[in-house]
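J.: build me a model:
(one chain, ligands or ions: 1)
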Amino acid sequence: MTDSWSNSAHNASHEFGIDLHLDRKGPGLRTGLIEALREAVRTGRLTPGTRLPPSRSLAADLGIARNTVADAYAELVAEGWLVAKQGSGTRVAQRAEPRKTSPAGPPANLARSRATYSMLTGTPNLAEFPRKQWLTAARRAVTAAPHEAFGIGDALGRMELRTVLADYLARARGVYAAPERVVICSGFRHGLTLMAQVLRARQVRAVSVESYGLDIYRDLLTSTGLRVPPLYVDEHGTRTEDLAGMRGVGAVLMTPAHQFPTGIALRPDRRAVAVDWARSTGGLILEDDYDGEFRYDRQPVGALQGLDPERVVYLGTSSKSLAPGLRLAWMVLPEDLVPEIAAAKGHADWMSSSLEQLTLAEFIASGSYDRHVRAMRLRYRRRRDQLVAALARTAPSVHVTGMAAGLHALLELPRGTERSVVQAAARRGLAVEGMSAFRYETADSGWRLPEQDALVVNYASPSDSAWAGALDALCAVMP
Ligand SMILES: Cc1ncc(COP(=O)(O)O)c(C=O)c1O
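T.: So this is what the prediction gives:
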């Protein structure tokens, strides 16, 4: 007989607060319960560390004697499926292996997370998320929100947030930003997707991208049918002067304030050349300002958008300044693009959560965003200084390049060593990327990128407790 047990319909376990669904197996109550729990652990439905309901409440829920549950738990503890600890109840044992669902092994991101330390790019220090201040802002925002905020809102975003962001971006990044031009989206990636759709609808065939950058963004553009010819990056930033010779390019995606990943600020004359190209051809510059808040040596490089708000689409994100998990980003658009983006946005993924938007608006308006960014700037700067000092001590031939900004640094390596250094780091439990992971060179380009062996090191993301270990592992594998 197979039957289903579920304690969710009863309230006895509310003191504990987990719903447990068990497929009852076997003849007796005790045997049936043991088999059902074993099966749930074996298949991974109950994951390692999961706390089981106290025997009293599970017994009440299932309508069986408490001793039956206690006996079943004891049996499974003896078999190693569960562990019981005084004061913290009974949990699924850590070494209980869930059944493999895919013979191909874990997806890449899970494999990555096996490393003890990670200096992979893309994440700020998640341990530093300002939980308390965020909660304060959320409490205030939800308390003050009008009823209408709980309904489906404007696809362009909450006006409260667009207004606060317009002020902030003008003040901190030199962006020309009237609130009506600010559009909230779910990450830079979402903003770029919308832009790609609008460009395709405008019959644009190609968007030039930097010859070093993230392949996910190139793939995103090509998946909408756009060609992505490379624009080369040299020691002064992206060679915007080459745009003039490129056929059919309707837009260019760039990271002018801090080229990703080389860490170069676009030289002023090249900024001007990019804007001139856009004006004379009717092209657009898509400015990815992913970490503009973090500059350590002098004043931040202002946004390119300020030079011509009608030709530059500014894209900012909270992914580096707060957390990528928020999925909150913003675009500041040329006026004529607003209706087209609004139309593209309305089709799918209509809007980011109003409550999160209102919380971010409150977080910025109350000064918490500035305080957080300033505090993180100090911490990241200290990290960068420690990285530079540790390398100077242990690997003086390795140069740290890229400006003192952002969350990552480039470590130049001797020719031909990048691959073996990345592999040696992996063997020491440190996940880190080589420069070649970001290189984009198409066969038909006719312009060869100089070979550059380097590591792209995210010094911001390790938690404080992991930092010393990560730094040691990094220094140990330097040539
Ligand atoms: C170059 C670059 N642009 C943009 C982003 C932000 O992406 P999103 O806002 O989709 O998290 C990142 C984050 O890793 C980045 O590295």
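
J.: now stretch 226-243: mean pLDDT?
T.: Mean pLDDT, stretch 226-243: 94.

J.: would it count as contacting the ligand?
T.: No. Residues of stretch 226-243 contacting the ligand under CB under 6 Å from any ligand atom: none, with a closest distance of 12.9 Å. In this view, the C-beta of every residue, glycine as well, is placed from N, C-alpha and C.

J.: so what touches that stretch?
T.: 196, 199-200, 204-212, 218, 221-222, 246, 248-249, 252, 254, 256, 259, 262, 264-267, 270-271, 273-274, 277, 283, 440-442, 445, 447, 449 (CB atoms under 8 Å, 6 or more residues apart in numbering).

J.: who's in contact with the residue nearest to residue 285 when sequence neighbours are not counted?
T.: Distances taken as CB to CB, 6 or more residues apart in numbering place residue 312 nearest to residue 285, at 4.5 Å, with adjacent residues excluded. Contact analysis of residue 312 by CB under 8 Å, 6+ apart lists 275, 278, 284, 285, 286, 287, 303, 304, 305, 334.

J.: ok, so what distance separates residue 312 from residue 175?
T.: 9 Å (CB to CB, to the nearest Å).

J.: now do the shared contacts for those two.
T.: Common contacts of residue 312 and residue 175 (CB under 8 Å, 6+ apart): 303, 305.

J.: can you pull the pLDDT of the residue of the stretch 51-200 of the chain found nearest the ligand?
T.: As assessed by CB to the nearest ligand atom, the ligand sits closest to residue 187 within the stretch 51-200 of the chain, at 3.0 Å. Note on residue 187: pLDDT of 96.

J.: close enough to count as contact, it and residue 322?
T.: No. At 12.0 Å, residue 187 does not count as touching residue 322 under the criterion of CB atoms under 8 Å.

J.: between those two, which is the more surrounded one?
T.: residue 322 (23 against 18; other CB atoms under 10 Å).

J.: for stretch 219-239, measure first residue to last.
T.: Terminal residues of stretch 219-239 are spaced 22 Å apart (CA to CA, to the nearest Å).

J.: how far does that stretch sit from its chain's centre?
T.: Put simply, stretch 219-239 sits 21 Å off its chain's centre (CA atoms, centre = their mean, to the nearest Å).

J.: repeat for stretch 233-246
T.: With CA atoms, centre = their mean, you get 28 Å for stretch 233-246.

J.: quick one: mean pLDDT for stretch 344-357?
T.: 88.

J.: and that stretch, what's buried?
T.: 344, 345, 351, 352, 354, 356, 357 (16 or more other CB atoms under 10 Å).

J.: now swap in stretch 43-50 and tell me
T.: Quick answer for stretch 43-50 (16+ other CB under 10 Å): 45, 46, 50.

J.: pretty sure the first one sits in a strand.
T.: So the one you mean is residue 45. No. Counting by DSSP: H, G, I helix; E, B strand; the rest coil, residue 45 is located in no strand; its state is coil.

J.: any idea how far it lies from the ligand?
T.: To the ligand, residue 45 is 31 Å away according to CB to the nearest ligand atom, to the nearest Å.

J.: next: the second one.
T.: From residue 46 across to the ligand, the span is 32 Å (CB to the nearest ligand atom).

J.: how about that residue, what does it touch?
T.: Contacts of residue 46 (CB under 8 Å, 6+ apart): 37, 40, 52, 92.

J.: which residues outside stretch 411-431 are in contact with it?
T.: 112, 115-120, 391, 397-401, 432-436, 451-455, 457, 470, 473-474, 476-479.

J.: swap that for stretch 356-374, please
T.: So stretch 356-374 is in contact with 130, 133-134, 136-138, 140-142, 144-145, 149, 157-158, 160-161, 163-165, 168, 172, 184, 293-294, 318, 321-322, 326, 328, going by CB under 8 Å, 6+ apart.

J.: and it, does that touch the ligand?
T.: No. Stretch 356-374 is not in contact with the ligand by CB under 6 Å from any ligand atom; minimum separation 13.3 Å.

J.: which parts of that stretch are buried?
T.: Per 16+ other CB under 10 Å, stretch 356-374 contains these buried residues: 356-366, 368-369, 372.

J.: in helices only, show me those.
T.: 356-365, 368-369, 372 (DSSP state H).

J.: overlap of the contact sets of residue 187 and residue 322?
T.: residue 328.

J.: and stretch 290-307, how far out from the chain's middle?
T.: Worked out by CA atoms, centre = their mean, stretch 290-307 lies 20 Å from the chain centre.

J.: so what would you say the end-to-end distance of it is?
T.: End residues of stretch 290-307 are separated by 18 Å (CA to CA).

J.: quick check: buried residues in it?
T.: Under 16+ other CB under 10 Å, the buried positions of stretch 290-307 are 290-296, 300-307.

J.: kindly report the same for stretch 80-88.
T.: In stretch 80-88, counting by 16+ other CB under 10 Å, buried: 81, 82, 83.

J.: make JSON lines from these and add distance to residue 66 and secondary structure to it.
T.: Below are these laid out as JSON lines (distance: CB to CB, whole Å; DSSP: H, G, I helix; E, B strand; the rest coil):
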{"residue": "81", "distance to residue 66": "20", "secondary structure": "coil"}
{"residue": "82", "distance to residue 66": "17", "secondary structure": "strand"}
{"residue": "83", "distance to residue 66": "20", "secondary structure": "strand"}
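
J.: fine by me, we can end here.
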